[in-house]
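*Asks:* predicted coordinates and the sequence they were generated for:
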Amino acid sequence: MTHRRLHRRHALALMGGSVLAGMSGLPAAAQSEDWAALGADVKAEFKWAWDHYVDKAWGRDEINPVSGTSRSFFIEGHDLGLSLVEALDTLWLMELDAEFQQGVDWVKSSLDFDIDGYSQVFETNIRLVGGLLSAHLACGDPVLLSKARDLADRLLKAFEASPHGLPYRYVNLKTGAVRDPETNLAEIGTYATEFGVLGQLTGDERYYAAAKRAMEHALDRRSSIGLMAANIHAETGEFISRNASIDVYADSFYEYLWDAWELFGDEELKTAAEECLAAMIAHQGKRYDGRLWFPMVDYETGAVTGTSQTVLGGYLAGLLGQAGFKAEGDDFLASYTAMQAQYGIIPESIDVTTGRPRGTRTGLRPEFADACLNLWQGDRDERYRALAAVHYRNMKATSKAAYGYTSLADITTRPMTQGDNCPGYWWSEQMKYYWLMFAQPKRIDLNRMVLSTEANVLRGFVRG
């Protein structure tokens, strides 16, 4: 039987009664789910995909799993082993020790950041600095820490070039030249966890100070209703849009306010997180056909300025739960759950007034599983694991290709039409989320665990 026919059978089954339509109950199968077996299945799929990456795209940024080719992500023609670095702590957690060491050996022998090319500061931090730090925390190899520090020092040039300490979007890794000052909350405010841990490990306070300064600059410009515009200029320091967003251009800024509290006990950023989330609930939370959404609004008036919501926004359900807004977190997760039940794969973006997709492509997104994990950590309610199990099985049924897991070109066709790219975050995010929820992992303390926005483990490893 061909892959496409197999996918079709599984996809049709998943479109039926086994998918949750809301938060009120569990699928019949989930009530007797063998979680250990499901965790073993996640590990087997990850190992299968890793073997194909090693065979077809070793050291390259991303594999194209349909064609068996690869592509660069940061700087065209200069691969930095993105998928490999992203996979390291997941391999370690899954006790795939030979594969983990294989990746570490490549980093030590082949990963060099002295490249005369512009790299996106935000992506480079969360993916590579974070990935190297988590791998170092897992195994203790000092070379991994040295590589992370070398890269962070190069990224600091983007902060230092701004009169306000707001990083430019791109920095030349070799020369320190910067470009693209028109930036956004996510790209100026997603450094506190990686830079803070790096500072703890090296004793250098510059890293966390730079990250916090940028966040505080934006926080100081909140409107009278407590919202910030999503877009900001690194040179003028002023907002350059009026749209307040919880997802595109802004999402991880809010995650890192809370994470800075969990990792470092930063009371100021904890207070800011609680204030920002309360303002979102009061001025962005809107109900359409009974479903809670957080569309873009004018940051000063709260008037709705756009009716789209992206799949990226799913993280907020988990963050709301973490920060004490559990009812709103559950309500928001239920909105995405309804999209999963209706479409099988949550659309990349929907119109909140109609619930219809605004496009047919999707990027193999992990945010729903992320929210399920964070909410499950709060009370260990089995419904969150059940929802994540549906998410995993739907992904497996639709995105498994010849050489790994791929993004989708059209989620409305049956079978769904596959694209040809496995994003680097797949190796760090959703497969780790599934594993942590299903497998009862031995190498992490779930009660102490803190993950970055890229799901790099920055606290909670158990070594022994």
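*Replies:* That came through fine.

*Asks:* now stretch 450-464, how far from the centre of its chain.
*Replies:* On the basis of Cα atoms, centre = their mean, to the nearest Å, stretch 450-464 sits 14 Å off its chain's mean C-alpha point.

*Asks:* so what would you say the end-to-end distance of it is?
*Replies:* 19 Å (Cα to Cα, to the nearest Å).

*Asks:* touching that stretch from outside, list them.
*Replies:* Residues from elsewhere that reach stretch 450-464 (Cβ atoms under 8 Å, 6 or more residues apart in numbering): 86, 89, 93, 126-127, 130-131, 133-134, 137-140, 190, 193-194, 197, 251-252, 255-256, 259, 262-263, 315, 366, 370, 425, 428-429, 432-433, 442-449. (C-beta placed from N, C-alpha, C; glycine too.)

*Asks:* of the residues you listed, grab the buried ones for PyMOL.
*Replies:* What follows is the PyMOL syntax for the buried subset of those, where burial is set by 16 or more other Cβ atoms under 10 Å:
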select buried, resi 86+89+93+126+127+130+131+133+134+137+138+139+190+193+194+197+251+252+255+256+259+262+263+315+366+370+425+428+429+432+433+443+444+449
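
*Asks:* flag every buried residue along the host helix or strand of Ala371.
*Replies:* Ala371 is part of helix 367-379, with elements assigned from DSSP states H and E. Residues of helix 367-379 classed as buried: Glu367, Phe368, Ala369, Asp370, Ala371, Cys372, Leu373, Asn374, Leu375, Trp376, Gln377 (neighbour count, 16+ other Cβ under 10 Å).

*Asks:* which helix or strand lies directly C-terminal to that helix?
*Replies:* Past helix 367-379, the next helix or strand by DSSP H and E is helix 382-399.

*Asks:* avg pLDDT for that next one?
*Replies:* Helix 382-399 carries an average pLDDT of 98.

*Asks:* in CSV, list the C-alpha atoms belonging to that helix.
*Replies:* This file holds the C-alpha atoms of helix 382-399, laid out as CSV (Å, rounded to 0.1, in the frame of the first residue of the first chain):
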residue,chain,number,x,y,z
GLU,A,382,-6.0,13.8,31.2
ARG,A,383,-8.0,15.8,28.8
TYR,A,384,-4.9,17.8,27.8
ARG,A,385,-3.0,14.6,27.0
ALA,A,386,-5.9,13.3,25.0
LEU,A,387,-6.0,16.5,22.9
ALA,A,388,-2.3,16.2,22.4
ALA,A,389,-2.7,12.6,21.3
VAL,A,390,-5.2,13.6,18.7
HIS,A,391,-2.8,16.4,17.5
TYR,A,392,0.0,13.8,17.2
ARG,A,393,-2.0,11.2,15.4
ASN,A,394,-3.4,13.8,13.0
MET,A,395,0.1,14.9,12.2
LYS,A,396,1.3,11.4,11.7
ALA,A,397,-1.5,10.6,9.4
THR,A,398,-1.1,13.7,7.2
SER,A,399,2.5,14.8,7.3
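
*Asks:* can you pull the buried residues of that helix?
*Replies:* Here helix 382-399 shows 383-399 as buried, counting by 16+ other Cβ under 10 Å.

*Asks:* can you show me the helices along the stretch 1-150 of the chain?
*Replies:* Applying DSSP state H, counting those that start in this stretch to the stretch 1-150 of the chain gives helices spanning 3-14, 35-57, 82-93, 97-110, 121-124, 130-139, 142-160.
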